[in-house]
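In: Have a look at this fold, sequence not included:
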């Protein structure tokens with residue numbers, strides 16, 4: 001079964017990958033290792049998992065203005081998520097993406113999809129995101 005939702009593209013782009021849906025706030029500074037892409041926040045149920053190439057669904061971010069620098073390091077290290085879908089706009093993460101794009105580095109799109117709509121997604125869903133913000137979920141390719 002294929003489902004489709006529409007998110008607001010803040011920094012548009014196309015992406016595809018496996019969903020990593022966080023249920024709590026996260027700070028990129030101290031929450032993700034910028035060299036490896038591993039979640040390091042011990043309060044996160046996905047602690048130890050790799051964000052590289054994943055579609056990160058984040059209800060909201062927490063804290064530090066240095067999150068943009070951490071995201072920029074993830075992009076530089078080729079450990080960045082394929083896309084970031086937030087429950088509300090976060091200018092700090094957007095700044096990291098803008099700087100990466102200015103430097104001509106491939107950077108993930110940033111979209112906003114309300115938290116209640118993010119709940120439709122399951123970890124490991126295979127999704128495709130189009131430049132205009134459409135998110136297609138292919139439940140037929142879900143891996144157990």
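Out: Yep, that arrived. Note that the structure is a prediction, hence the values are computed from the model and not measured.
In: Kindly list the longest helix within this protein.
Out: For the chain, the helix with the greatest residue count under DSSP state H is helix 91-102.
In: which helices and strands does it pack with?
Out: On a contact count with 3 or more C-beta pairs under 8 Å, 6 or more residues apart in numbering; DSSP states H and E, helix 91-102 meets strand 8-11, helix 67-76, strand 110-112. From N, CA and C alone the C-beta is placed, and that goes for glycine too.
In: got a list of contacts for the helix or strand following the shortest one?
Out: This points to strand 110-112. Proceeding N to C from strand 110-112, the next assigned helix or strand is helix 115-118, under DSSP states H and E. With C-beta atoms under 8 Å, 6 or more residues apart in numbering as the contact definition, helix 115-118 has outside contacts at 5, 21, 57, 59-60, 85, 87.
In: Could you check how far helix 115-118 is from the centre of its chain?
Out: In terms of C-alpha atoms, centre = their mean, to the nearest Å, the centre of helix 115-118 is found 14 Å from the chain centre.
In: ok, residues contacting whatever helix or strand comes next after that helix?
Out: The element immediately downstream of helix 115-118 (helix or strand, assigned by DSSP H and E) is strand 126-129. Contacts to strand 126-129, defined as C-beta under 8 Å, 6+ apart, come from residues 7, 13-19, 55, 83, 85, 109, 111, 121, 135-138, 141-143.
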